[in-house]
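[1] pasting the sequence and the predicted coordinates here, then a few questions.
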Amino acid sequence: MATRQPQAKMESAAVRAGDAGSHFEWAPVIAGAVLASAISLVLLTFGSAIGLSMVSPFEGEGASGTLFAIALALWLLWVIVSSFIAGGYLAGRMRRRMPDATPHEVEMRDGAHGLTVWAVGIVVAAVLATAGVSGVVTGGGKVAGAVASAGGGDGEGAYGGVVDSLFRATGQPANPAAMEAARGEVGRMLARVAAQGEVAADDKTYIARLIAAHTGLAQPDAERRVNEVLADARAAAETARKSGVLIGFLAAAGLLVGAAGAWWGASAGGRHRDEGTDFSRFTRWR
């Protein structure tokens, strides 16, 4: 009994020494996140070239809008998953071995490193995107004033296309200055009622009166044009809203799949590390 107690104390002290400290390593995680970012950048650059080859400015040529959207979604999903699998694999393969841990614990620790690779990559991408958006907004605010001044400040804003459709005429206007003033007034009216989602009947009548006065249309025809153009604009806005919601859900789903891919890649890398998997036959140059 006297000989067993010191030996048991030595074994427990060795276990405590092996478990001491943190088993989390930031170096493999950062390396994996950098690798995932680099691979995604290369694949996105390559995909942009493929996308430009699929579309055409001429009607009837190139891929349809639906086919292009499906191809884009699949390509982005592939970019997210493959890049995070590679980054997670690198983190799991480069992490130190843990001989004192059970196989399940080793797999959990490797997967946690891969999941952290995914989290770091997402945070870095979000920071870069936020910085880019803020820079664009700041620069856009400066450019907007110059554009408004150069355009005469007609107030059409985002409704320029709608105003163009409303005031489309077959000939030259008799009073261009008055027509520009009317266009600006209609643009401001549309911007003011945009939050309501519906243009009041009195506003429609007034807009139709302005259109009839400056395009030569009869009042009933002008009112019909107002109803048709506003209905088309409302349908386009609704389609854009639904597309935005769908894109948001698909992006979130793709990122979640990327997290699963990073976990799987790190687990595979840790398993190959412990098994001593040899890939030298793929790296021999002669």
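    Cool, the structure landed. Numbering: from 1, shown residues only.
[2] ok, Val199 touching Leu190?
    Yes: between Val199 and Leu190 there is a contact at 7.4 Å, judged by Cβ atoms under 8 Å. Yep, even glycine has a C-beta here, placed from its N, CA and C like the rest.
[3] measure Arg209 to Gly265 for me?
    66 Å (Cβ to Cβ, to the nearest Å).
[4] ugh, wrong one, I meant Thr205
    64 Å.
[5] who has more neighbours out of those two?
    Gly265 (30 against 13; other Cβ atoms under 10 Å).
[6] ignoring the adjacent residues along the chain, who's closest to the more buried one?
    Gly88 (3.3 Å; Cβ to Cβ, 6 or more residues apart in numbering).
[7] dump the residue contacts of the one you found.
    32, 36, 113-115, 117-118, 261-266, 269 (Cβ atoms under 8 Å, 6 or more residues apart in numbering).
[8] likewise Val163?
    Counted by Cβ under 8 Å, 6+ apart, Val163 has contacts Glu156, Arg183, Val186, Gly187, Leu190.
[9] of the residues you listed, which belong to strands?
    Judged by DSSP state E, strands contain none of the contacts of Val163.
[10] just put those residues in CSV and tack on pLDDT and neighbour count.
    Formatted as CSV, those follow (pLDDT from 0 to 100; neighbours: other Cβ atoms under 10 Å):
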residue, pLDDT, neighbour count
Glu156, 53, 21
Arg183, 82, 22
Val186, 83, 24
Gly187, 81, 20
Leu190, 78, 22
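[11] which two in the residues you listed are spaced the farthest apart?
    Greatest spacing in the contacts of Val163, by Cβ to Cβ: Arg183 and Leu190 (10.8 Å).
[12] low-confidence ranges, the stretch 101-250 of the chain, go.
    Scanning the stretch 101-250 of the chain with the threshold set as pLDDT under 70 gives 132-159, 170-171, 173-174, 193-197.
[13] show me where it has strands.
    With strands called from DSSP state E, counting those that start in this stretch, the stretch 101-250 of the chain shows none.
[14] off-centre distance for stretch 181-188?
    Taking Cα atoms, centre = their mean, to the nearest Å, one finds the center of stretch 181-188 at 35 Å from the center of the full chain.
[15] CA-only coordinates of it in CSV, if you can.
    C-alpha atoms of stretch 181-188 as CSV (Å, rounded to 0.1, in the frame of the first residue of the first chain):
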residue,chain,number,x,y,z
ALA,A,181,-40.7,72.2,-62.5
ALA,A,182,-43.7,69.9,-62.8
ARG,A,183,-41.4,66.8,-62.9
GLY,A,184,-39.6,68.0,-59.7
GLU,A,185,-42.9,68.6,-58.0
VAL,A,186,-44.2,65.1,-58.9
GLY,A,187,-41.0,63.5,-57.7
ARG,A,188,-41.2,65.3,-54.4
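[16] switch to numbering from 19
    Noted, 19 is the first residue going forward, which turns the last one into stretch 199-206.
[17] from Ala51, how far out is Leu273?
    14 Å.
[18] I misspoke; the intended subject was Gly288.
    17 Å.
[19] one step back: now list the buried members of the contacts of Gly106.
    50, 54, 131-133, 135-136, 279-284, 287 (16 or more other Cβ atoms under 10 Å).
[20] and those residues, which of them are in helices?
    Assigned to helices by DSSP state H, the following of those qualify: 50, 54, 131-133, 135-136, 279-284, 287.
[21] output those residues as TSV; include the columns distance to Met112.
    Formatted as TSV, these follow (distance: Cβ to Cβ, whole Å):
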residue	distance to Met112
Gly50	8
Ala54	14
His131	9
Gly132	12
Leu133	16
Val135	11
Trp136	16
Gly279	18
Ala280	14
Trp281	16
Trp282	17
Gly283	12
Ala284	10
Gly287	8
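[22] coming back round to it: the residue nearest to Gly283 sits in which helix or strand?
    helix 83-112 (DSSP states H and E).
[23] great, nothing more from me.
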